[in-house]
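K.L.:
A structural model of the following input is requested.
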Amino acid sequence: MDKQALRERVWDDLEASGAARFPFPPHGRIPNFAGADEAADRLAETDAWQRADTVKGNPDAPQLPVRRAALRAGKTLYAAVPRLRDEECFLRIDPADVDDVDAATTVSGIGEYGEPVGPEAVEPIDLVVSGSVAVTARGERVGKGEGYSDLEFALLREFGRVDDDTTTVTTVHERQVVDDGVPTGAHDVPMDLVVTPERTVETEYEGGKPAGIDWSALDEERLEEIPVLGRLQE
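P.N.:
Coordinates of the predicted model:
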């Protein structure tokens, strides 16, 4: 199925079923969902989570409980600057420096509490948490269509901060787990774990993770908008 058609179907279904949560509508975003807290709790029970000292998270609403769980567990949390627009395009939050976990993990709080660092200053990442619109039990993921999550992984791969052994996970509502064949490319990051409020799926994705930036997938506008990409090209 075409990715955009799949997104629209999942967004419509979450809204019609009552599974979507604020912010509304779910369309055009990584949708928040009923049971996000329970999915975060289930993720925290996994070996991959418990082994991780450093977590890269996404700023979206459904993964807010995951970000809070990371800091409360003493894990260093990284997030990308929106659209990677700065040369120091990642934000590092040290749990030892946080006096209010709830405030530090909101979208605005990440910017307030996070220390800007370039990709070369990011510690090796143990666990990457991604938001999803749809995902398969095989590990194929569909985001909201802008491609930044995959690009962030590829950028960290270029600097040796993630590799094939870095665990990638997503938390979603059960209705976001689909059986459709999802077209994937070399730049798409597969998920090792898919966690819903009801279950944890260890995927068996047959392809590897992106080896680095797929320059052919980037247009001139994207290259001009992201300073670190220009530096890498040079």
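K.L.:
Show me what the biggest helix by length in the chain is packed up against.
P.N.:
For the chain, the helix with the greatest residue count under DSSP state H is helix 3-17. Where contact means 3 or more C-beta pairs under 8 Å, 6 or more residues apart in numbering; DSSP states H and E, helix 3-17 is packed against strand 134-136, strand 141-142. Just so you know, the C-beta spots here come from the backbone N, C-alpha and C atoms, and that holds for glycine as well.
K.L.:
For that helix, buried residues please.
P.N.:
3, 6-7, 10-11, 13-14 (16 or more other C-beta atoms under 10 Å).
K.L.:
Stretch 112-124 now?
P.N.:
113-114, 117, 119, 122.
K.L.:
rewinding a little: show residues contacting the longest helix of the chain.
P.N.:
19-20, 24-28, 31, 33, 133-134, 142, 144-145, 173, 175-176, 178, 180, 182-183 (C-beta atoms under 8 Å, 6 or more residues apart in numbering).
K.L.:
Weed out the non-buried ones from these.
P.N.:
19-20, 26-27, 31, 33, 133-134, 142, 144, 173, 175-176, 178, 180, 182.
K.L.:
Nearest to T166 among the residues you listed?
P.N.:
T166 has its nearest neighbour among those in V142, at 20.2 Å by C-beta to C-beta.
K.L.:
Ignoring the adjacent residues along the chain, who's closest to that closest one?
P.N.:
Distances taken as C-beta to C-beta, 6 or more residues apart in numbering place A134 nearest to V142, at 4.4 Å, with adjacent residues excluded.
K.L.:
Likewise for Q233?
P.N.:
L223 (7.2 Å).
K.L.:
do you know how far that neighbour is from E112?
P.N.:
Shown here: L223 relative to E112, a distance of 29 Å by C-beta to C-beta, to the nearest Å.
K.L.:
Go ahead and confirm A20 touches P31.
P.N.:
Yes - counting by C-beta atoms under 8 Å, A20 touches P31, with 5.7 Å between them.
K.L.:
Provide the backbone phi and psi angles at the closest residue in space to T200 that isn't next to it in sequence.
P.N.:
Among residues not flanking T200 along the chain, R42 sits closest, at 5.7 Å (C-beta to C-beta, 6+ apart). When read as degrees, to the nearest 10, the backbone of R42 gives phi -70, psi -40.
K.L.:
Just the mean pLDDT for the longest helix of the chain, thanks.
P.N.:
Per-residue pLDDT over helix 3-17 has a mean of 97.
K.L.:
Show the pLDDT at G208.
P.N.:
In this model, G208 carries a pLDDT of 86.
K.L.:
Starting from V128, give me the distance back to G212.
P.N.:
G212 is 15 Å from V128, by C-beta to C-beta.
K.L.:
cool, S17 as well?
P.N.:
With C-beta to C-beta as the criterion, S17 and V128 are 28 Å apart.
K.L.:
And for T136?
P.N.:
Counting by C-beta to C-beta - T136 and V128 are separated by 18 Å.
K.L.:
Now do the strands in this structure.
P.N.:
54-56, 76-80, 90-93, 115-117, 127-130, 134-136, 141-142, 167-171, 177-178, 193-195, 200-202 (DSSP state E).
K.L.:
Pick the one among the buried ones among the contacts of helix 3-17 closest to E198.
P.N.:
H173 (9.4 Å).
K.L.:
which residues sit in contact with the nearest residue to K75 once chain neighbours are set aside?
P.N.:
Leaving out its chain neighbours, the residue that sits closest to K75 by C-beta to C-beta, 6+ apart is V55, at 5.0 Å. Going by C-beta under 8 Å, 6+ apart, V55 touches 70, 75-78, 125-129.
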